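[1] Sequence below, structure please.
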Amino acid sequence: MHLSFQLKNSKADESGKAPIYARITINGLRTEFSLKRYLLPEKWVSGAGVAKGTNEESKTINAFLSTVRLKLGEHYRVLMEANKPITPETVKNAYLGILEKGKTIIDVFRYHNSQVKELLDKDFSFGTYERYCTALSHTQEFIQWKYKVSDLEIRQINYEFITEFEYYLKTVRKCSHNTAIKYITNFKKIIRICIGNGWLERDPFTNYKITSREVERECLSEAELDAVASREFPTQRLEQVRDIFLFCCFTGLAYSDVKKLSKDHIIMGIDGEKWIRINRTKTDTRSSIPLLPIPSGIIDKYATNPKCKAEDRLLPVLTNQKMNGYLKEIADLCGIAKNITSHLARHTFATTVTLTNGVPLESVSKMLGHKSVRTTQHYAKIVDRKVSDDMQLLKAKFSTKSSEIALKKVS
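    This is a model prediction of the structure:
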């Protein structure tokens, strides 16, 4: 670093005094700034960069310039020891007390989401992208609500921020516990990015436990499923939505997977029968499902549908929002009090259609495309009929033994 002091004669005031500037040069780059000190040109030694003479004014200015030189040298040393970028601007800003603007959490979040958008259908699904966008929106609203600003520097994110964010989601946004935890988990990924890049030294999630609460997964009973299947509807749109719903109930496919289903996903299985083989949109894991008569018949029903032909799809699937809206109508017409959604069909397949009828947990897990059987075990907990059937067999065994014991006593 080279430092010199210049007198700017061109900027002299009405009294003829000109301002003294400090000029910093590092690796060919240069910047200069006013020291807010003024001197008459005839009292300045330009070659030495000092005030001329030994009068009080000159002594004061020269003492001040020596202090400036020492301080700039100290800031240069501190920046070097901290392994931070050293430029004339960073040294000048350090001296003037101008803090370098750090990265902000919303900017990093936005950049992350833009990357997710670019990787749609490669590494991420549209649903994942939507959740990150909603998490970003909630984060922005929380910062405005709590701190009355539009953004925060990353280094301001701490443990208090996380706990207050959870409180905000549950109280102001009225999110359930699990929904709030999902948004916080999305936010945690942004924090991991910041830590990985060295923008944040301490993890604000230290000592914060992310725990979801187990919820009862609702599904249709056999009687309710029969009511939906046998009901005649007054409009074609309701019949079409009912058919798609039934297809999901008997295949276990999620809405996003049914929507993209094409002829290429129908294969001949090892048993010589038709199977659906598809990679799940959500996890990219393989689902292999033998086609039961009902979903097979639904595929045949829509084989000549214009929408299916135009889009090269097996079924004319509407948007998820419209599907769920029409399913509410179907539930009312069928006298079902449950909140029927396209995803409830997947739960129904796992419980009423498969586990209840004795299909092993491992087979159900494979058809659902779960990465772990532990995920499928959540469904097994609510199959009361299966538990009842198993216990009936056990009761029968004990009844037989009890009879044998009784006979022995009598004899």
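[2] In the stretch 301-411 of the chain, where is pLDDT below threshold?
    380-390, 400-411 (pLDDT under 70).
[3] Can you show me the strands along it?
    Counting by DSSP state E, counting those that start in this stretch, the stretch 301-411 of the chain has no strands at all.
[4] Now do the helices in it.
    306-311, 320-333, 342-348, 361-368, 373-380, 384-410 (DSSP state H, counting those that start in this stretch).
[5] Figure out which of the ones you listed is closest to residue 188.
    helix 373-380 (20.9 Å; C-beta to C-beta). Any C-beta I mention is one placed from the backbone N, CA and C, and that applies to glycine too.
[6] From residue 82, how far off is residue 37?
    Residue 37 is 30 Å from residue 82, where distance means C-beta to C-beta, to the nearest Å.
[7] higher neighbour count, the two?
    More crowded of residue 37 and residue 82, by other C-beta atoms under 10 Å: residue 37, with 17 against 9.
[8] where's that one relative to residue 221, distance?
    Distance from residue 37 to residue 221, by C-beta to C-beta: 87 Å.
[9] ends of stretch 350-366, how far apart?
    11 Å (C-alpha to C-alpha, to the nearest Å).
[10] buried set for it?
    By 16 or more other C-beta atoms under 10 Å, the buried positions in stretch 350-366 come out as 350-356, 361, 364-366.
[11] repeat for stretch 260-273
    For stretch 260-273, by 16+ other C-beta under 10 Å, it's 260-261, 265-266.
[12] Show residues contacting it.
    Residues from elsewhere that reach stretch 260-273 (C-beta atoms under 8 Å, 6 or more residues apart in numbering): 253, 274-278, 281, 288, 290-291, 299, 312-315.
[13] Go ahead and confirm residue 219 touches residue 352.
    Yes. Taking contacts as C-beta atoms under 8 Å, residue 219 lies within contact range of residue 352: 5.7 Å.
[14] closest to residue 94 among the buried residues of stretch 350-366?
    Of all the buried residues of stretch 350-366, residue 94 sits closest to residue 365, with 59.4 Å by C-beta to C-beta.
[15] Give me the nearest residue to the closest one, chain neighbours excluded.
    Ranked by C-beta to C-beta, 6 or more residues apart in numbering and with sequence neighbours excluded, the top spatial neighbour of residue 365 is residue 376, at 4.0 Å.
[16] Relative to residue 370, how far out is that neighbour?
    Plainly put, residue 376 is 5 Å away from residue 370 if you go by C-beta to C-beta.
[17] Check which helices and strands the lengthiest strand in the chain is in contact with.
    Using DSSP state E to define each element, the chain has its longest strand at strand 29-39. Under the contact definition 3 or more C-beta pairs under 8 Å, 6 or more residues apart in numbering; DSSP states H and E, strand 29-39 sits against strand 2-7, strand 18-26, helix 56-81, helix 88-96.
[18] From the chain's centroid, how far away is that strand?
    48 Å (C-alpha atoms, centre = their mean, to the nearest Å).
[19] now swap in stretch 140-154 and tell me
    19 Å.
[20] ok, residues contacting that stretch?
    Here stretch 140-154 has contacts from 101-108, 161, 164-165, 168-169, 172-173, 194, 199-200, using C-beta under 8 Å, 6+ apart.
[21] can you list the domain ranges for the chain.
    Domain assignment of the chain by automatic domain parsing yields the ranges 2-96, 105-196, 222-380, 385-411.
[22] quick one, which of these is nearest to residue 207?
    Closest among the domains of the chain, using C-beta to C-beta: domain 105-196, at 6.6 Å.
[23] Now stretch 296-316 - C-alpha only, CSV.
    Provided in CSV are the C-alpha atoms of stretch 296-316 (Å, rounded to 0.1, in the frame of the first residue of the first chain):
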residue,chain,number,x,y,z
SER,A,296,-57.1,-50.9,-16.1
GLY,A,297,-60.8,-50.3,-17.1
ILE,A,298,-60.4,-46.6,-16.4
ILE,A,299,-57.4,-46.4,-18.8
ASP,A,300,-59.4,-48.1,-21.5
LYS,A,301,-62.3,-45.7,-20.8
TYR,A,302,-60.2,-42.7,-21.7
ALA,A,303,-58.1,-44.3,-24.5
THR,A,304,-59.9,-42.2,-27.2
ASN,A,305,-60.2,-39.0,-25.1
PRO,A,306,-59.1,-36.0,-27.2
LYS,A,307,-57.1,-34.4,-24.3
CYS,A,308,-55.2,-37.6,-23.7
LYS,A,309,-54.4,-38.0,-27.4
ALA,A,310,-53.2,-34.5,-27.8
GLU,A,311,-51.0,-34.5,-24.7
ASP,A,312,-49.9,-38.2,-25.0
ARG,A,313,-51.3,-39.0,-21.6
LEU,A,314,-53.3,-42.0,-20.3
LEU,A,315,-55.8,-39.9,-18.3
PRO,A,316,-57.3,-36.4,-18.6
